[in-house]
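**Student:** whatever this is, show me its structure:
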Amino acid sequence: MADAALNSAQWKPRVNPWLIAATVALAAFMEVLDTSIANVALPHIAGNLGASTDQGTWVLTSYLVSNAIILPIGAWASSVIGRKTFFLSCIVIFTVSSFLCGIAPSLPLLLLFRVFQGVGGGGLQPMAQAIMADSFEPQKRGQAFALYGLVAVLAPSIGPTLGGWITDNYSWRWIFYINIPVGILAYTLVTRFVDDPP
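**Tutor:** Residues are numbered from 1 along each chain as shown. A predicted model of the protein is given here:
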């Protein structure tokens, strides 16, 4: 028992902690961006799917509710299957759900896929913070969380502008499709650089 505690205290990541911080911040950025990017596209989504504006607001609500439900479950899930595995699972669920949201032919299916997307997204932020905390020495954690804070502020700031530009120039479906390459990149980087501490 004492050996395990000592190993845990002495554990260090095998790669540069800033590389790990950038990797998990990328996944968190993708999730935070998604909470705001759909706001300006709601009238287009509702009109395209034959729904009222009031019904269209469920596109946001369904995501936020499922996101909030999964947040407290994340610690338990990561203790059962491992933090890295849980984080990767969340990235996969979020990315696949983003694709399904993009191809949704009706509002009920879009809402269902948004619930799945919220489930995947709900685990990304707390796990990203936990991975950052373990990857840095205590005296450097403040700098790491400053990077995370920048992500948390920047993503909602550019979300509505980016969402409006994409919707006007392409289609509302692309606000979901843009998550796919980011999700694939995040999955690849997490697989290579992130390890669970003992």
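**Student:** residue closest to the middle of this structure?
**Tutor:** Against the mean C-alpha coordinate of the chain, by CA atoms, centre = their mean, the closest residue is E31 at 3.0 Å.
**Student:** please, which helix or strand holds it?
**Tutor:** Assessed by DSSP states H and E, E31 sits inside helix 17-37.
**Student:** same question for the next helix-or-strand element following that helix: list its buried residues.
**Tutor:** Next along the chain after helix 17-37, taking DSSP H and E as the criterion, comes helix 42-48. Within helix 42-48, the residues that count as buried by 16 or more other CB atoms under 10 Å are L42, H44, I45, A46. From N, CA and C alone the C-beta is placed, and that goes for glycine too.
**Student:** now do the same for the closest residue to the last one other than its chain neighbours: its pLDDT.
**Tutor:** Closest residue to A46 in three dimensions, ignoring its sequence neighbours and counting by CB to CB, 6 or more residues apart in numbering: G56, at 3.2 Å. Reading off the confidence values, G56 has pLDDT 78.
**Student:** remind me, longest helix of the protein?
**Tutor:** As assigned by DSSP state H, the longest helix anywhere in the chain is helix 141-169.
**Student:** could you list the low-pLDDT ranges of the protein?
**Tutor:** 1-11, 13, 198 (pLDDT under 70).
**Student:** what's the burial count for R192?
**Tutor:** As a burial measure, R192 scores 10 neighbours (other CB atoms under 10 Å).
**Student:** same check on N39?
**Tutor:** 16.
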